[in-house]
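Asks: Need a 3D model of the sequence below.
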Amino acid sequence: MIINKKRWTAQKVVVMDFLKSVKTHPTAEMVFNEVKAKLPNITLATVYRNLNSLAEDGAILRLEINKEYHYDADTSYHQHCVCKKCGKISDVFQKEITKYALKKLEAEFYPESVNIVYFGTCKECYRRTKNDKQKSTKL
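Replies: Take a look at the predicted model:
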């Protein structure tokens, strides 16, 4: 993790602490709604500014999913799964996949990072859809 020597304000620390405490890949608005409980005077603009600064410094990941930014404090090698039905984003830790993707390009390009996102259906939505289909065929 590369962290620039920019100033770590109280707001930035609270934003980072919140991101480290969740695995939900929140949007800026979600972060704002949570951190304002600790910092009532914080603005949405301040949250955006801190998230952008943290992402630019490499302290967090910024994922663009469905034309919306989501943030992740886990910067280790991993991939993301996005459910097309409910929008849930979950982590998959297959370091070999990321390492392979980075190494494969070395002859022509020297990558620093890779972002692998799988789109599909989560287990909960899959089960719900399967159950709904079974119910409708019994009618």
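Asks: quick one, helices of this protein?
Replies: Taking DSSP state H, the helices of the chain run over residues 10-21, 28-35, 44-56, 95-104, 123-138.
Asks: Surely I42 is in contact with N33?
Replies: No - I42 lies out of contact with N33 (CB atoms under 8 Å); the separation is 10.6 Å. Using the backbone N, CA and C atoms, a C-beta is placed for each residue, glycine as well.
Asks: ok, now which ones touch P26?
Replies: Shown here is P26, whose contacts under the criterion CB atoms under 8 Å, 6 or more residues apart in numbering are 19, 34, 70-71.
Asks: what do you get for I97?
Replies: Counting by CB under 8 Å, 6+ apart, I97 touches 79, 116.
Asks: More neighbours: I42 and N33, which one.
Replies: I42 (19 against 13; other CB atoms under 10 Å).
Asks: coming back round to it: buried subset of the contacts of P26?
Replies: Buried residues within the contacts of P26, counting neighbours by 16 or more other CB atoms under 10 Å: 19, 34, 70-71.
Asks: Tell me who's in contact with T129.
Replies: Taking CB under 8 Å, 6+ apart, we find T129 in contact with 85, 121.
Asks: and the gap between it and G120?
Replies: Going from T129 to G120 by CB to CB, to the nearest Å gives 12 Å.
Asks: go on, E34?
Replies: As for E34, its distance to G120 is 28 Å (criterion: CB to CB).
Asks: cool, G87 as well?
Replies: For G87, the distance to G120 equals 12 Å [CB to CB].
Asks: Neighbour count for those two, which is higher?
Replies: Between G87 and G120, counted using other CB under 10 Å, the more crowded position is G87 (14 against 11).
Asks: How about the more buried one: what's its closest non-neighbour residue?
Replies: Excluding the flanking residues, the one nearest G87 by CB to CB, 6 or more residues apart in numbering is N66, at 7.3 Å.
Asks: Check V114 too.
Replies: Spatial nearest neighbour of V114, chain neighbours left out: A101 (4.6 Å); criterion: CB to CB, 6+ apart.
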